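In: here is my input, please return the structure:
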Amino acid sequence: MSDHVTDVPTDPRLTDPQVARHVAAIYRSRTGAPPADIHEKRERAQKVRLADDDQVWTRDVMVTGGAGDQAARWYFPTEKRSGTVTVFFHGGGWAMGDLESNDALTRELVARSGSIILSVDYRLAPENPFPAALDDATAALGWLHEDPIGRDADRLVVAGHSAGGNLAAALALRSRDGSAAHIDAQLLMCPVLDCDLDRPSYHEFASGLLLTRDEMVEYWDMYHPRLQGRDHPDLSPLRAESLRGLAPATLIVGGADPLRDEGIAYARRLEADGVETVCHVQPSAPHLFLTFPPMEARDRSLEVAADALR
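Out: Alright, predicted model coming up:
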């Protein structure tokens, strides 16, 4: 679990002063004992739905899931639509999160890019382990293809943050292989791409930076309890035999994220297999930095992400 800290100086691993101060403030704000289990962790997780404004308006809907309907939310730009429609999956280690978890991030992407975004909820582990979440994502993409908004799109993009980025990458592989509907591009933001938790970045940033190595062990254990089989591309897209033929990809990688090395490795493999790829590594950025308040590191990376949706 995350380190429980009541008074933390800025972390020397974070050379960006704005980022370092914000991370320290997050740790200073934590009070009480750490959550005892995933249910308490869900209850404590911040869930904020912002009000619609003059840039973005929303509409809640139900879409087809892998085992019944799933909640989803349309985000519409009020003007300057790009012609792109994006299906988005939130983060949370496959075990936490809902439509509110990345509401602010989704609104930022809509306002900056002009893309219409359909944010889709999915079943959570451990109650619903793999492949429930990915099956929900696959069904939602199929639903989007049948919806008038999806049918009228110039481009369809699949996107996700953290564990949602894992779902987006796996969905892109399914799309290429014909077991999911067509997509034109993929946007992977701080994604989980491999089951190997012993890469150098997992040890360099093992604790104290919002996502810990111990937490990732727990998330993997909830999502796919058995070690055997985690190397399947539906779980670890980096392990796919070939990435050739995948939709063009944009990756946003935090330079101080335990997931850094697998993100960079995936981008290199995409490029080697001839996939049009943009990989933006934000120096000194921990996991979750895309959900921070406005600051230079976050804003620069969000512009790269928005470019992918334009």
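In: now residue 116. Nearest residue, chain neighbours left out?
Out: Closest residue to residue 116 in three dimensions, ignoring its sequence neighbours and counting by Cβ to Cβ, 6 or more residues apart in numbering: residue 85, at 4.8 Å. C-beta coordinates here come from the backbone N, C-alpha and C atoms, glycine included.
In: now that neighbour: which helix or strand?
Out: Assigned by DSSP states H and E, residue 85 belongs to strand 84-89.
In: repeat that for residue 22.
Out: Element membership for residue 22 (DSSP H and E) is helix 17-29.
In: hmm, who's touching the helix or strand of the chain with the lowest mean pLDDT?
Out: Across the helices and strands of the chain, mean pLDDT, DSSP states H and E gives its lowest value to helix 38-44, namely a mean of 89. Applying Cβ atoms under 8 Å, 6 or more residues apart in numbering, the contact partners of helix 38-44 are 35, 95-96, 126, 218, 222.
In: what is the neighbour count of residue 198?
Out: 7 (other Cβ atoms under 10 Å).
In: helix/strand/coil for it?
Out: Secondary structure state of residue 198, per DSSP: H, G, I helix; E, B strand; the rest coil, is coil.
In: report the separation between it and residue 265.
Out: Using Cβ to Cβ, to the nearest Å, we find residue 198 at a distance of 13 Å from residue 265.
In: can you list the strands that the strand holding residue 85 pairs with?
Out: strand 116-120 (parallel), strand 155-161 (parallel) (DSSP bridges).
In: neighbouring contacts of the first one?
Out: Just to be clear, that refers to strand 116-120. The set of residues external to strand 116-120 that reach it, using Cβ under 8 Å, 6+ apart, is 63, 70-77, 81, 84-90, 99, 102-103, 106, 109-110, 136-137, 140, 144, 149-150, 153, 159.
In: keeping just the C-alphas, turn that strand into CSV.
Out: Only the C-alpha atoms of strand 116-120 are listed here, as CSV (Å, rounded to 0.1, in the frame of the first residue of the first chain):
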residue,chain,number,x,y,z
ILE,A,116,-16.3,14.0,-28.5
ILE,A,117,-15.5,11.5,-25.8
LEU,A,118,-17.5,8.5,-24.5
SER,A,119,-16.1,7.6,-21.1
VAL,A,120,-17.1,4.0,-20.3
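In: that older thread, what sits against the residue nearest to residue 116?
Out: Contacts were defined as Cβ under 8 Å, 6+ apart; by that measure residue 85 touches 115-118, 144, 149-150, 153, 155-157.
In: tell me the bridge partners for it.
Out: Counting by DSSP bridges, residue 85 is bridged to residue 116, residue 156.
In: ok, how many other residues are close to residue 35?
Out: 16.
In: if you could redo that for residue 239, that was the one I meant.
Out: Number of residues near residue 239 (other Cβ under 10 Å) recorded here: 15.
In: hey, where'd the helices end up in the stretch 1-150 of the chain?
Out: For the stretch 1-150 of the chain, applying DSSP state H, counting those that start in this stretch gives helices covering 17-29, 38-44, 103-113, 132-146, 148-151.
In: need the contact partners of the helix or strand containing residue 217.
Out: When elements are assigned from DSSP H and E, residue 217 belongs to helix 213-223. Helix 213-223 is touched from outside by 1-2, 38, 93-95, 125-126, 129-130, 133, 163, 192, 195, 197, 202-203, 205-207, 230, 235, 258, with contacts defined as Cβ under 8 Å, 6+ apart.
In: just checking, what packs against the helix or strand following that helix?
Out: As assigned by DSSP H and E, the chain's next helix or strand after helix 213-223 is strand 249-254. When contacts are defined as 3 or more Cβ pairs under 8 Å, 6 or more residues apart in numbering; DSSP states H and E, strand 249-254 sits against strand 185-189, helix 260-272, strand 277-282, helix 296-309.
In: isn't residue 309 up against residue 115?
Out: Yes. With contact defined as Cβ atoms under 8 Å, residue 309 counts as touching residue 115 (4.0 Å).
In: tell me which of these two has more neighbours.
Out: A direct count of neighbours by other Cβ under 10 Å for residue 309 and residue 115 places residue 115 higher, at 27 against 24.
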